[in-house]
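Visitor: take a look and give me a structure for this.
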Amino acid sequence: MLLEIARQMKRAKKEVRKLKTYLGRILRDITRKVPDPDEELKRLLNLAQRLSDQKREDKNKLYSLHTPEVECIAKGKAKTRYEFGCKVAVTTTCKDPWVTSIFAEHGNPYDGHTLEKSLTQSAQLTEIDVKEAFVDRGYRGKNNHPSDTRVFISGTKRLPMTLKKLLRARSGIEPIIGHGFVD
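Guide: Numbering: from 1, shown residues only. Model prediction:
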C-alpha cells in the first residue's frame with residue numbers, strides 16, 4: 001500500500017512538471033510572437049507567469065485563472081478538508097429567510113471576529129437593532145460578541161424549545177445561501 005502511494009506521488013510530480021513545462025513553452029512562444037499585447041492578454045500572461053512561478057510553500061497562491069481572488073479555506077473536516085472561495089458573512093431575519101446584510105471577508109478570519117461587523121451592518125441597513133443572533137459552531141471560543149446582543153450557538157444544551165427551533169431554522173438557511181448565489 002505504501003509503495004503504491006509513493007508511486008502515485010511520483011507520477012503526480014512528473015505530470016505537474018510536464019504541465020509546467022508546457023505552460024513555460026507557451027508563455028515564451030506568446031511573448032516572442034506578440035511583442036505588444038493588449039491589456040487583456042497582458043493580464044492573462046501575468047496570471048500565467050504567476051502560476052508558473054508559484055511553489056508549494058508559497059503564500060497567496062493562484063488557484064483559478066478565471067477568478068484569481070479565490071482563496072483556500074481550511075475546513076478541518078474529514079470529508080472536505082479544504083474549500084476554495086471566499087468567506088462570506090450573511091445576516092438573515094430570524095423567522096423568514098430574508099437576507100438583511102452580506103459581505104465578503106478575505107484572508108479566512110475567525111468567524112467570531114466577523115459577527116460584530118455583520119450585526120452592525122445589518123442594524124445600519126434595516127435600522128433595527130439585533131437583539132438575538134443564532135450562529136453555527138464556528139463562533140465558539142473567544143467571547144467577543146456584542147454586549148447588547150444575545151448570541152445562541154448551535155449545539156448548545158439546555159435551551160428552551162423555541163430557541164432550539166430557531167437554531168434549527170438557521171441551519172436550514174445554509175443550503176439557500178450556498179446554492180442561491182451560484183446562479
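Visitor: by contact count, what packs against the longest helix seen in the chain?
Guide: Longest helix in the chain, counting residues (DSSP state H): helix 2-33. Contacts defined by 3 or more C-beta pairs under 8 Å, 6 or more residues apart in numbering; DSSP states H and E place helix 2-33 against helix 39-53. Any C-beta I mention is one placed from the backbone N, CA and C, and that applies to glycine too.
Visitor: give me the domain ranges for this structure.
Guide: Domain assignment for the chain, taken from automatic domain parsing, gives 2-68, 85-180.
Visitor: picking up where we left off before, average model confidence for the longest helix of the chain?
Guide: Throughout helix 2-33, pLDDT has a mean value of 87.
Visitor: what do you get for stretch 65-81?
Guide: Mean pLDDT, stretch 65-81: 80.
Visitor: dump that stretch to CSV, restricted to CA.
Guide: Output of stretch 65-81 as CSV, limited to C-alpha atoms (Å, rounded to 0.1, in the frame of the first residue of the first chain):
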residue,chain,number,x,y,z
LEU,A,65,-7.2,31.8,-13.7
HIS,A,66,-10.8,32.9,-14.2
THR,A,67,-11.2,34.2,-10.6
PRO,A,68,-7.8,35.0,-9.2
GLU,A,69,-9.3,36.3,-5.9
VAL,A,70,-10.2,32.7,-4.8
GLU,A,71,-8.6,31.6,-1.6
CYS,A,72,-8.1,28.2,0.1
ILE,A,73,-10.1,27.9,3.3
ALA,A,74,-9.0,25.0,5.5
LYS,A,75,-12.1,23.3,7.0
GLY,A,76,-10.5,20.6,9.1
LYS,A,77,-13.2,18.1,8.3
ALA,A,78,-12.5,14.6,7.1
LYS,A,79,-14.7,14.6,4.0
THR,A,80,-13.9,18.1,2.8
ARG,A,81,-10.6,19.3,4.2
